[in-house]
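1. Need coordinates for the below:
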Amino acid sequence: MTHPSHDRLAGRAALVTGASRGLGLLIARELARRGCKVLVCARDGEELARAERMLRAEGADIRALACDITGPSAARRLVDATTAAFGGIDILVNNAGNIQVGPVSAMTETDFRDAMETMYFAPLRLVLTALPEMRERGGGRVVTIASLGGRIAAPHLLPYAGAKFALTGLSEGLRAELAADGISVTTVLPGLMRTGSHTAARFSGRATREYAWFAVSSGLPLLSMDAERAARAIVRAAERRRPELVLTPVAKAAVRLHGVAPATTTRALTLGARLLPRGGPGPAHDVPGRQAARRLGSAAVARLTVLNDRAARRYNQRTEP
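-> Sure, this is the predicted structure:
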C-alpha cells in the first residue's frame, strides 16, 4: 500500500516512550492536539500519573502504562496495551533515554550497557514488536529521537553518545528497509533543548563542575531551543514522513561542518574537552542533577539556568532529589 508523503494524523494510534516529562511529554501533547490517540509510558508511576492528568486536562485521548522499557517483556506489553486501547498502532515514538555526564574515567562498563539497553535495544525491541501490526494496518510511522550526539560524539557524554550513534544507524537502516511496507522512519537529531533535562541527568566525577557546564549550556537561548517548538517540529516531520530532522541552528551548522570537514570538527571537540573538568574520576558517581545543583550552591549558575529551571517545572521534571 502506498501513502502520500503528508497525510493527516487525526485518529491515529500512537505510543510514546519516556513521555512522563520533558520532550516526550510535549510530543505526546502535540500528537493529541492533532487528534491522535496516545499511550504514554515511563518508569516512574507517580510522575507518569501527573503527566496523564496534565494531558487529560487538555482533552487528550490518552492512556498511561508505567513500564521499564528495558525489561524483556516490555515491548510486548506496550504494543499490546496500545492495540487493546485503540485497536492498533500507527505511530511509534522512541523517545526514552538517560543522560550520563562526566569523563570516561568516571564511567563504568555498566554505565555504557545501561545506555545501550535504554537507547538502543529497547527501541529495537519496540520496532520489531510493532512492525507486524503496522504492516497489517498498511503502514505506519516510526519516530526515533536520537541526538546531535548520535552524529557528533561530544566529550563527557560518551555512554549517551555511543548509544545514540547506534540508534541513529538503526533508524537510518530501518528507513531504507521499511519503505517498501509503507512504513516511514524519521530520525530526529536535536541539539540542546530547554526541557529541564539538567535536573534528571546524572553526573559523575567532579559532579558539581560537570553539572555547572551542562546545566548552563543546555539552557542558554543562543545555544538551546524552546522545547515546545521542538515538539511541534518533530510531529510535523513525522506527519510529512521526513527522513531526518536536525533541530537548532547550532546543531545544523555542526552537522554540515562535520560532513565537509570532520577533522576540523574533531579538533574543535578536542579543544572543548580541555575546557571541561579535568583530573581523576573524583568521589562522585551517578549524582542526580538537583542534588548536584544543591552541592554546587552557585548563585551565578542558578541565574544562568533560569529558563531551563522554568522548563523543568512546566514539563513535569522530577522535583525530588
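2. My read is that residue 206 contacts residue 284, right?
-> Yes. Counting by CB atoms under 8 Å, residue 284 is a contact partner of residue 206 at 7.3 Å. All C-beta spots, glycine's among them, are computed from the backbone N, C-alpha and C.
3. neighbour-wise, which of the two wins?
-> When neighbours are counted by other CB atoms under 10 Å, residue 206 and residue 284 differ, and residue 206 comes out ahead with 22 against 19.
4. Residue ranges in the stretch 201-321 of the chain under the pLDDT threshold?
-> 279-282, 318-321 (pLDDT under 70).
5. At which residues are the strands of the stretch 101-250 of the chain located?
-> 140-145, 183-190, 193-194, 202-205, 225-226, 244-247 (DSSP state E, counting those that start in this stretch).
6. ok, the longest one: who's next to it in the sheet?
-> Strand pairing for strand 183-190, using DSSP bridges, gives strand 140-145 (parallel), strand 244-247 (parallel).
7. what about dumping the CA coordinates of the first one to PDB?
-> Provided in PDB are the C-alpha atoms of strand 140-145 (Å, rounded to 0.1, in the frame of the first residue of the first chain):
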ATOM      1  CA  GLY A 140       2.800   3.400   9.900                       C
ATOM      2  CA  ARG A 141       5.400   5.800  11.300                       C
ATOM      3  CA  VAL A 142       8.400   5.300  13.500                       C
ATOM      4  CA  VAL A 143      10.000   8.400  15.000                       C
ATOM      5  CA  THR A 144      13.400   8.000  16.500                       C
ATOM      6  CA  ILE A 145      14.500  10.700  18.900                       C
END
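8. winner for burial among the strands paired with strand 183-190?
-> Highest mean neighbour count among the strands paired with strand 183-190 (mean count of other CB atoms under 10 Å): strand 140-145, with a mean of 25.
9. related to what we said a few turns ago, nearest to residue 59, out of the strands paired with strand 183-190?
-> Closest of the strands paired with strand 183-190 to residue 59 is strand 140-145, at 22.6 Å (criterion: CB to CB).
10. Can you tell me what sits against that closest one?
-> 23-24, 27, 89-95, 97, 123, 127, 130, 133-134, 167-168, 170-171, 174, 178, 182-188, 190, 234, 237-238, 241 (CB atoms under 8 Å, 6 or more residues apart in numbering).
11. and it, average pLDDT?
-> When pLDDT is averaged over strand 140-145, the result is 98.
12. let's number from 248 now, not from 1
-> Taking 248 as the first residue, the last one we looked at is strand 387-392.
13. In the top helix by length along the chain, which residues are buried?
-> The longest helix of the chain (DSSP state H) is helix 405-425. For helix 405-425, the neighbour count (16 or more other CB atoms under 10 Å) marks 405-415, 417-419, 421-422, 425 as buried.
14. ditto for stretch 255-271
-> Quick answer for stretch 255-271 (16+ other CB under 10 Å): 256, 259-271.
15. Likewise for stretch 473-489?
-> For stretch 473-489, by 16+ other CB under 10 Å, it's 474-475, 477-482, 484-486, 488-489.
16. got JSON lines for these, with distance to residue 548 too?
-> Formatted as JSON lines, the buried residues of stretch 473-489 follow (distance: CB to CB, whole Å):
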{"residue": "474", "distance to residue 548": "20"}
{"residue": "475", "distance to residue 548": "24"}
{"residue": "477", "distance to residue 548": "24"}
{"residue": "478", "distance to residue 548": "27"}
{"residue": "479", "distance to residue 548": "30"}
{"residue": "480", "distance to residue 548": "29"}
{"residue": "481", "distance to residue 548": "29"}
{"residue": "482", "distance to residue 548": "33"}
{"residue": "484", "distance to residue 548": "34"}
{"residue": "485", "distance to residue 548": "36"}
{"residue": "486", "distance to residue 548": "38"}
{"residue": "488", "distance to residue 548": "41"}
{"residue": "489", "distance to residue 548": "37"}
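17. what residues are up against the residue most central in space within the chain?
-> Geometric centre of the chain, nearest residue: residue 342, 4.3 Å, by CA atoms, centre = their mean. Residue 342 makes contact with 263, 264, 265, 266, 270, 271, 274, 390, 392 under the criterion CB under 8 Å, 6+ apart.
18. Among these, which are located in helices?
-> Among the contacts of residue 342, the members falling in helices are 270, 271, 274 (criterion: DSSP H).
19. Count the neighbours of residue 514 for me.
-> With other CB under 10 Å as criterion, residue 514 counts 11.
20. same deal with residue 517?
-> Neighbour count for residue 517, taken as other CB under 10 Å: 10.
21. Going by neighbour count, list what's buried in the strand or helix carrying it.
-> Under the criterion of DSSP states H and E, residue 517 resides in helix 509-522. Buried residues in helix 509-522, counted by 16+ other CB under 10 Å: residue 512.
22. And the pLDDT for the residue nearest to residue 412 when sequence neighbours are not counted?
-> Excluding the flanking residues, the one nearest residue 412 by CB to CB, 6 or more residues apart in numbering is residue 397, at 5.1 Å. Model confidence at residue 397, given as pLDDT, is 95.
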